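Chemist: Sequence and predicted model, in that order:
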Amino acid sequence: MSTAPRVEHELHQRRRSRNVGLGITLGAFVLLVMGMTYVKLTAQNAMMAEERAKEQAAAAASDSSTQSSSTAGESD
C-alpha cells in the first residue's frame, strides 16, 4: 500500500476545469429560464386577476342597477 500522494495528470486538470465551467454555464442557463418563467407567470396571473376584478365589478354594477330599477317600479 502506497502512502504517496496521487498526482493528477495535466489533461485531467484541464478537463475538470472545463467541466466546472460548463456546469456553471448550464446552471446559469437553468436559473435564467426559471426566472423568465416565474416573471411570465406572475405577470399573466396579475392580468387575469385584474380582468376578473373588472368582470366582478361590472356584474355587481349590473346587479345593483337591475335591483334599483325593480324597486323604483314597485314604488309607482
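Modeler: Good, I have the coordinates.
Chemist: Going by C-alpha atoms from here, please, whenever you check contacts or count neighbours.
Modeler: Noted.
Chemist: What about Lys40, how many residues nearby?
Modeler: Neighbour count for Lys40, taken as other Cα atoms under 10 Å: 12.
Chemist: Name all residues that make contact with it.
Modeler: If you count contacts by Cα atoms under 8 Å, 6 or more residues apart in numbering, Lys40 has none.
Chemist: Quick check: which element contains it?
Modeler: Element membership for Lys40, per DSSP states H and E: helix 10-75.
Chemist: Give me the distance between that helix and the centre of its chain.
Modeler: Distance of helix 10-75 from its chain centroid, counting by Cα atoms, centre = their mean, to the nearest Å, is 6 Å.
Chemist: any idea how far Glu50 is from the spatially most central residue of the chain?
Modeler: Centroid-nearest residue in the chain, with Cα atoms, centre = their mean: Tyr38, separated by 1.4 Å. Applying Cα to Cα, to the nearest Å, the value for Tyr38 to Glu50 is 18 Å.
Chemist: same thing with Gln67?
Modeler: Per Cα to Cα, Gln67 is found 26 Å from Glu50.
Chemist: Would you mind listing the buried residues in stretch 45-59?
Modeler: By neighbour count with 16 or more other Cα atoms under 10 Å, stretch 45-59 contains no buried residues.
Chemist: What average pLDDT does it get?
Modeler: In this model, stretch 45-59 has an average pLDDT of 91.
Chemist: ditto for stretch 13-28
Modeler: When pLDDT is averaged along stretch 13-28, the result is 95.
Chemist: and what of stretch 67-76?
Modeler: Here stretch 67-76 scores 61 as its mean pLDDT.
Chemist: returning to what we had before: the residue nearest to the centre of the chain: what's it in contact with?
Modeler: So Tyr38 contacts nothing (Cα under 8 Å, 6+ apart).
Chemist: From Ala57, how far out is it?
Modeler: Shown here: Tyr38 relative to Ala57, a distance of 28 Å by Cα to Cα.
Chemist: what's the answer for Glu50, then?
Modeler: According to Cα to Cα, Glu50 stands 11 Å off from Ala57.
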